[in-house]
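Trainee: this is a predicted model, with the sequence first.
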Amino acid sequence: MRTLLRSLLPLAVACLTTGMSWAANDPFVGKWKVNPSKSQLTDEMKIEAVGENKYAFTFGPGAVDTIVADGTDQPATQGTTLSVAVEGPNNWKVVRKKEGRTIIMANWTLSADGKTLDDDFTGYQPDGSPTKVRYSYRRSASSLGFTGTWDSASAEVDSSIELEIQPYEGDGLSFSCPALQFDRKTKFDGKDHARTGPNVPPGTTSSGRRVNPRSLEITSKWQGKIMGTQQIEVSIDQKRLTMTIRQTGEREPKYILVFDRE
């Protein structure tokens, strides 16, 4: 028995040392702060009239909410509620909640010529702290009022967005970006692992792989269907990190966020 232990001990120490070395040299580990001038947020949405004061809102592929615009909380996708209050001919207020807690609030303003829509968007973290983004949309399909297909032409990124990456179980990584409600622990074994969290719908999984020493890819699924991917890359000098988020079925990346190492 002692002989067996002596033979296994060097192997265990070697494995532990290798894991610690990997974590210490991983170029992703550290704290990062968003660079607003280098980052880009895009968005697409569609609003259709389906009845008297009733609308279908498409905020992403397969994410359709159909509600009456009367300001009341109504059942919506992924266990949330959605309310739309008409506050004027060119002003709507949109609020999404999860279990009674406001997670999104947006004030929409339609231009006088009906060609652009400004969105003062606020996302709320679990502790209630806000992150603000101002989107500007252009109408890409002919319609009247708020109805139509809209593509964001520009967005102002909140300079307070921070990302922290730490080692997780061997060669895995944990990502924490409260401002974007991005909080996950990822193993890079290519297998689907269940995700949990206050804003994560049941049945959500993610899988990760290391494309190369400075590049990662994470795939998110809901009920087995791919919903989007995130590519994360670190520059050669390891001072800059770029996160590109794509949703399945959309033409352009949802986010291209560039972070500088703190």
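Mentor: In hand now; what should we look at?

Trainee: tell me the buried residues in stretch 247-254?
Mentor: When burial is assessed from 16 or more other CB atoms under 10 Å, stretch 247-254 yields the following buried residues: 247, 253-254. Just so you know, the C-beta spots here come from the backbone N, C-alpha and C atoms, and that holds for glycine as well.

Trainee: now stretch 136-155
Mentor: For stretch 136-155, by 16+ other CB under 10 Å, it's 137, 139, 146-150, 152, 155.

Trainee: before we move on, what about stretch 49-58?
Mentor: Neighbour counts over stretch 49-58 (16+ other CB under 10 Å) mark 49, 55, 57-58 as buried.

Trainee: returning to that earlier point: could the buried residues of stretch 136-155 be laid out in TSV, adding pLDDT and distance to Ala112?
Mentor: Output for the buried residues of stretch 136-155, formatted as TSV (pLDDT from 0 to 100; distance: CB to CB, whole Å):
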residue	pLDDT	distance to Ala112
Tyr137	92	15
Arg139	92	13
Phe146	95	14
Thr147	95	17
Gly148	93	16
Thr149	92	20
Trp150	93	17
Ser152	84	20
Ala155	75	22
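
Trainee: out of the buried residues of stretch 49-58, which one sits closest to Trp108?
Mentor: Nearest to Trp108 among the buried residues of stretch 49-58 is Phe57, at 11.1 Å by CB to CB.

Trainee: what's the closest non-adjacent residue to the closest one?
Mentor: Asp65 (4.8 Å; CB to CB, 6 or more residues apart in numbering).

Trainee: what's the neighbour count on that neighbour?
Mentor: 20 (other CB atoms under 10 Å).

Trainee: now this protein, which segments are flagged as low pLDDT?
Mentor: Along the chain, segments meeting pLDDT under 70 span 1-24, 61-62, 153-154, 181, 197-200, 251.

Trainee: kindly state the domain boundaries assigned to it.
Mentor: The chain breaks down by automatic domain parsing into domains covering 25-40+159-261, 41-156.

Trainee: show me what the one helix or strand Met45 maps to is packed against.
Mentor: Using DSSP states H and E, Met45 maps to strand 44-51. On a contact count with 3 or more CB pairs under 8 Å, 6 or more residues apart in numbering; DSSP states H and E, strand 44-51 meets strand 54-60, strand 148-156.

Trainee: between the ones you listed, which one is closest to Ala76.
Mentor: strand 54-60 (8.6 Å).

Trainee: just the C-alpha atoms of that closest one, please, in CSV.
Mentor: The C-alpha coordinates for strand 54-60 follow below in CSV (Å, rounded to 0.1, in the frame of the first residue of the first chain):
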residue,chain,number,x,y,z
LYS,A,54,-52.6,44.5,-29.7
TYR,A,55,-49.1,43.9,-31.0
ALA,A,56,-46.6,41.1,-31.7
PHE,A,57,-43.1,42.0,-30.7
THR,A,58,-40.2,40.0,-32.1
PHE,A,59,-37.0,40.8,-30.2
GLY,A,60,-34.9,37.9,-31.5
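
Trainee: give me the subset of the buried residues of stretch 247-254 lying in strands.
Mentor: Gln247 (DSSP state E).

Trainee: who touches Gln40 in this structure?
Mentor: Applying CB atoms under 8 Å, 6 or more residues apart in numbering to Gln40 gives the contacts 155, 253, 255-256.

Trainee: try 7 Å this time
Mentor: When contacts are counted by CB atoms under 7 Å, 6 or more residues apart in numbering, Gln40 touches Ile256.

Trainee: next: Thr66.
Mentor: With CB under 7 Å, 6+ apart, Thr66 has these contacts: 50, 56.
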